[in-house]
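> I'd like to go over a predicted model; first the sequence, then the structure.
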Amino acid sequence: DAMVIQNPRYQVTQFGKPVTLSCSQTLNHNVMYWYQQKSSQAPKLLFHYYDKDFNNEADTPDNFQSRRPNTSFCFLDIRSPGLGDAAMYLCATRTIGAPTEAFFGQGTRLTVV
Amino acid sequence: GENVEQHPSTLSVQEGDSAVIKCTYSDSASNYFPWYKQELGKRPQLIIDIRSNVGEKKDQRIAVTLNKTAKHFSLHITETQPEDSAVYFCAASLPRRTGGYQKVTFGTGTKLQVIP
């Protein structure tokens, strides 16, 4: 059964039109991450939550924001998508305590037209 | 912040040969080093991991070694098979700090091709 679920799998949005990507988890993990992955590149961390404690990476554009209303759900909002924001967006979760793996969702592939 | 470098960027091996991928990290506080395999269009999936208190770990055809002094770790795949073809990412994770988080930084990836 899927433990980290991202919706939708594919999203097409217009240049400048706000878009929201969603992630849900059934693992009850405290930590949730959002990564951006462009073709042939490594996943790049945008931000992450430890419970409701939000941690933004220094080089994450202001155009990207996130919300985590509860443990299970996390959203990535792109306020004004540009062509350069087309990418795969990966959500991951992780428990705390002794270091363990991060579990990834299937990703949402965003196309900007 | 943590910086993870990975080499080579591409690797082609004949089926049955071994493949070795190497990574270095910058922050000596990192304490957890996972390796992920990512097939085209799919999510990264953990294949093996190692914690900083261990020097080597093996799981069937896959092994990982860690040299904390030199700050590098390596993935070894023996008896490679065509289904091992994928992109492999190393990663390093910093321990929880005050305020609490465990940041995971990825290497640049290695595209492994196993030639039948």
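Right, received. Where do you want to start? Numbers count the residues shown, from 1 in each chain, chains lettered A, B, ... in the order given.
> Who are the contact partners of the residue positioned nearest the centre of chain A?
Centroid-nearest residue in chain A, with CA atoms, centre = their mean: A:Trp34, separated by 3.0 Å. If you count contacts by CB atoms under 8 Å, 6 or more residues apart in numbering or on different chains, A:Trp34 has them with A:Cys23, A:Leu45, A:Leu46, A:Phe47, A:His48, A:Ser66, A:Cys74, A:Leu76, A:Tyr89, A:Leu90, A:Cys91. (Glycine included, C-beta is placed from N, CA and C.)
> of those, buried ones?
Buried subset of the contacts of A:Trp34 (neighbour count, 16 or more other CB atoms under 10 Å in any protein chain shown): A:Cys23, A:Leu45, A:Leu46, A:Phe47, A:His48, A:Ser66, A:Cys74, A:Leu76, A:Tyr89, A:Leu90, A:Cys91.
> ok, which of those also contact chain B?
Among those, the ones lying near chain B by CB under 8 Å from any CB of the partner chain are A:Leu45, A:His48, A:Leu90.
> Can you pull the residues of chain A lying near chain B?
Counting by CB under 8 Å from any CB, the residues of chain A close to chain B are A:30-31, A:33, A:40-45, A:48, A:50-51, A:53, A:55, A:90, A:92, A:94, A:96, A:98-102, A:104-107, A:109.
> In strands only, show me those.
Applying DSSP state E to the residues of chain A next to chain B, the entries found in strands are A:31, A:33, A:44-45, A:48, A:50, A:53, A:55, A:90, A:92, A:94, A:104, A:109.
> measure the residue nearest to A:Asn7 when sequence neighbours are not counted to A:Asn30 for me?
In this structure, A:Asn7 finds its nearest non-sequential neighbour in A:Ser22, 5.0 Å apart by CB to CB, 6 or more residues apart in numbering or on different chains. According to CB to CB, to the nearest Å, A:Ser22 and A:Asn30 sit 19 Å apart.
> which of those two has more neighbours?
More neighbours surround A:Asn30 than the other of A:Ser22 and A:Asn30, with 20 against 16 (other CB atoms under 10 Å in any protein chain shown).
> Please work out which residue of chain A is closest to chain B.
Per CB to the nearest CB, the residue of chain A with the smallest distance to chain B is A:Pro99, at 3.3 Å.
> surely that residue meets B:Ser30?
No: here A:Pro99 does not reach B:Ser30: they are 9.4 Å apart, not a contact under CB atoms under 8 Å.
> shared neighbours of the two, which are they?
Going by CB under 8 Å, 6+ apart, residues that sit against A:Pro99 and also against B:Ser30 are B:Ser93, B:Pro95.
> and the lowest-mean-pLDDT helix or strand in chain A, what does it pack onto?
The helix or strand of chain A with the poorest confidence is strand A:53-56; it has a mean of 88 (mean pLDDT, DSSP states H and E). Counting contacts by 3 or more CB pairs under 8 Å, 6 or more residues apart in numbering or on different chains; DSSP states H and E, strand A:53-56 packs against strand A:44-50.
> Show me how far the strand it packs on is from its chain's centre.
8 Å (CA atoms, centre = their mean, to the nearest Å).
> what comes into contact with that strand?
A:30-38, A:54-57, A:60, A:64, A:66, A:68, A:74, A:76, A:96, B:99-101, B:103-106.
> where does the chain have low pLDDT?
Using chain A here. A:1-2, A:98 (pLDDT under 70).
> right idea, wrong chain: chain B
Scanning chain B for pLDDT under 70 picks out B:96-101.
> again, only this time at 80
Confidence mapping of chain B against pLDDT under 80 gives the ranges B:1, B:95-102.
> where do the helices sit along it?
Remark: helices of chain B are absent; assignment by DSSP state H.
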